[in-house]
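Novice: Task: produce atomic coordinates for the following.
(chains A and B)
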Amino acid sequence: MKSGFRQSMSWLHTWGGLTVGWVLYFVFLTGTLGYFDAEIDAWMKPELPPETANIQQSLSTAEKRLHEKAQGAERWFISPPGDRNNPYLRVFWQMPGADGKPGPRVNELLNATTGETLSGRATGGGQTLYRMHYALHYMPPNIGYWIVGICSMFMLVAIITGIVIHKKIFKDIFTFRSAKGQRSWLDMHNLLSVSALPFHLMITYSGLLFFVLTYMSLIVAGTYGFGDDAKNNFTNDFFSEADKPAASGNKANMAELSAMVAIAESHWGAGQVRYLDIDYPGDSNARVTIGRQLDSPLRSAPELVFDGATGELLTEKSAITSQPRAVYDTFLGLHEGLFANIGLRWLYFFSGLLGTAMIATGMLLWSLKRRPAQLQKAGGPDFGYRLVESLNLGTIVGLPIAIAAYFWANRLLPVDFAGRAQWEMHCLFIVWLFTLLYPLMRSINRGWVDMLWLAAAAFGLLPLLNALTTERNLFNSISRQDWVFAGTDLTFLTIGIAFAFAAWRLRENNKTAEMSASAASTQKSSREIYIPPAATTYSSKQHTETH
Amino acid sequence: MLAAYALAYCSFLILSMAMSKHFQQIFPQKKMPQPYITLVRAIGWALLAITLFYCSHLYGWATGIVAALGLMSAAAFVLALILNYAPRFAPGIAAITIIVSVF
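Specialist: Next comes the predicted model:
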């Protein structure tokens, strides 16, 4: 480590960032896609038409199903369709447990008109993709939380050290100079970091808060002690869930849920009911809690609590039950962006892409800075350097290709194939493995061009694949004003075009670099070859030429 | 939301014009007289504040701040790209964004 505050911070930024950069890139990219999880879900189940039933119809369907299937349950939960976050009618029930073990829990999506359970093809959908950004895959969730948590901590350190070492953070805020080699990459890295700095700080810090009770469990233990009782006491205090009465054991008929929903809608307006949570249905102490839609970053919403047997409105709970809880919920709400309308959702997505690109440019800078010195080495570039270079290519372009493969698998795997949903994800990781190995077979510059073209094809052809395998092609979607489907197809097309543009530019740059390199070597001034970083040229051929 | 974006973009455009290197990118022939710089900068900051107020007027304070910050990130990023690739069009793009957002 070097002396001097700024130098030390710079060292930490460089090496801390490099160590976890690839995991962070994975977390940021899959997390960014999570802002469109429901839209991806819809695209990956093309058999399901959008739900159009109103809330009263959905409610009677849900009640019928629950009476049929979940008599004697401890808890029912109904979330009516219509909202972006809940496109379909969902019911959930929890049966009473025995011998201290919790009873079975069932989650179902229903057609709100016919009452049939929604089937469609088995798929991981946008949810599995999104879930990976905090729990990873192929490992128990708890281990995933810890790995992502440690990497997020590095991220926070990288952001703060980055602010410290950026001397001209205000002066250079609008500065980007293209075609200036390594300078351009540093400019772009700074621009991506500073323009969306509020987002980067918020997303990283709040990301750590999600599992703060896992990472810092001893803080709770310090006040509440160890064991299950202590855990329950803390949960009751923090989430203020202690005021619910226990079941009386006396049977009573349920009051009309539709009347309670009508009261809730008169309080909040039509379409504002997000869920009905029913404790001890059919018991004389049944409680029906109706929650409102989220319309602000605060992740909790006001609730109305009804007596389930009489239908009487008992209490109105405000969204804020305690100050610490409100702070916690606001950070979580800001992170998830469930409250965001379509415009704000795109801004979240765009900010996420800026963050992903910030990580990518940071990792590229590490290798670009070292490339000239590495090319001068007698035995060729070091193993460590080449490893970073290959991992960069295999992750920065490879992971998007792998994600495209996940969508391809969704359309191409046979619908009745067992383990279909799991195989979609296996396809993602198999393709990613291939893209990680690919740089070993090709020179790094050619590898970049090849992989960018592959990414362009993988995304650009997805709308075509969708048109060939489903009825819901782009033209049909636009004419039916099905913006979820049309938007997804158009986004894939745009990503494909962007990758194609990058591939074309890089190939042009490589050509000019090769020409100038051969011209320079004939002039015998090969020591001073200017290597444009976007087109940095190290292939074994040129390597021998320089020496 | 597009109107709010236009506001954010204009704020940053004006703030960038108060910086001599960007002013010269946009108007290569001219030079901003020294006394105006403070005034231009003040207008830029005021417009940025108006962006924030406008967003909170649209969506309420909590969501408005989130929207304003998101729009500012996008506007700053886009402006930096325009200043590099097509600096002379930066004011024209502002005008087009305003017109589109009004209609």
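
Novice: Closest residue of chain B to chain A?
Specialist: residue B:70 (3.4 Å; CB to the nearest CB). Bear in mind the C-beta positions are built from the backbone N, C-alpha and C, glycine included.

Novice: That residue contacts residue A:352, doesn't it?
Specialist: No. Look at residue B:70 against residue A:352 with CB atoms under 8 Å: they stay out of range, at 10.6 Å.

Novice: Skipping adjacent residues, who's closest to residue B:64 in space?
Specialist: Nearest residue to residue B:64 in three dimensions, chain neighbours excluded: residue B:56, at 3.1 Å (CB to CB, 6 or more residues apart in numbering or on different chains).

Novice: for the helix or strand containing that neighbour, which positions count as buried?
Specialist: Using DSSP states H and E, residue B:56 sits in helix B:34-59. Going by neighbour count (16 or more other CB atoms under 10 Å in any protein chain shown), the buried part of helix B:34-59 is B:40, B:43-44, B:47-48, B:50-52, B:54-56, B:59.

Novice: Which elements pack onto it?
Specialist: helix B:2-17, helix B:61-85 (3 or more CB pairs under 8 Å, 6 or more residues apart in numbering or on different chains; DSSP states H and E).

Novice: CSV please, covering these and showing mean neighbour count and distance to residue A:169.
Specialist: Formatted as CSV, these follow (neighbours: other CB atoms under 10 Å in any protein chain shown; distance: least, CB to CB, whole Å):
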stretch, mean neighbour count, distance to residue A:169
helix B:2-17, 23, 14
helix B:61-85, 21, 12
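
Novice: Tabulate those helices (a markdown table), appending mean pLDDT and distance to residue A:190.
Specialist: A markdown table is the format used below for those (pLDDT from 0 to 100; distance: least, CB to CB, whole Å):
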| stretch | mean pLDDT | distance to residue A:190 |
| --- | --- | --- |
| helix B:2-17 | 96 | 15 |
| helix B:61-85 | 96 | 10 |
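
Novice: can those go into JSON lines with extra columns for distance to residue B:34?
Specialist: Shown next, in JSON lines, are the helices and strands packed on helix B:34-59 (distance: least, CB to CB, whole Å):
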{"stretch": "helix B:2-17", "distance to residue B:34": "14"}
{"stretch": "helix B:61-85", "distance to residue B:34": "22"}
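
Novice: Okay, and the residue of chain A found nearest chain B sits in which element?
Specialist: Nearest residue of chain A to chain B: residue A:347, at 3.4 Å (CB to the nearest CB). Taking DSSP H and E as the definition, one finds residue A:347 inside helix A:342-376.

Novice: Give me the mean pLDDT for the helix or strand that that helix is followed by.
Specialist: Of the helices and strands lying after helix A:342-376 in sequence (DSSP H and E), the nearest is helix A:383-396. Mean pLDDT, helix A:383-396: 95.

Novice: Over to stretch A:287-305?
Specialist: 91.

Novice: quick check, distance from that stretch to the centre of its chain.
Specialist: Stretch A:287-305 sits 24 Å away from the centroid of its parent chain (CA atoms, centre = their mean, to the nearest Å).

Novice: how about that stretch, does it reach chain B?
Specialist: Yes. If you take CB under 8 Å from any CB of the partner chain as the test, stretch A:287-305 does meet chain B, through A:295-298.

Novice: Now do the same contact list for residue 14.
Specialist: Because you didn't say which chain, this covers chain A. The neighbourhood of residue A:14, defined by CB atoms under 8 Å, 6 or more residues apart in numbering or on different chains, consists of residue A:366.

Novice: let's do chain B instead
Specialist: Applying CB under 8 Å, 6+ apart, we find residue B:14 in contact with B:40, B:43-44, B:47.

Novice: Quick one: those residues as CSV, columns for pLDDT too.
Specialist: Formatted as CSV, the contacts of residue B:14 follow (pLDDT from 0 to 100):
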residue, pLDDT
B:40, 95
B:43, 97
B:44, 96
B:47, 97
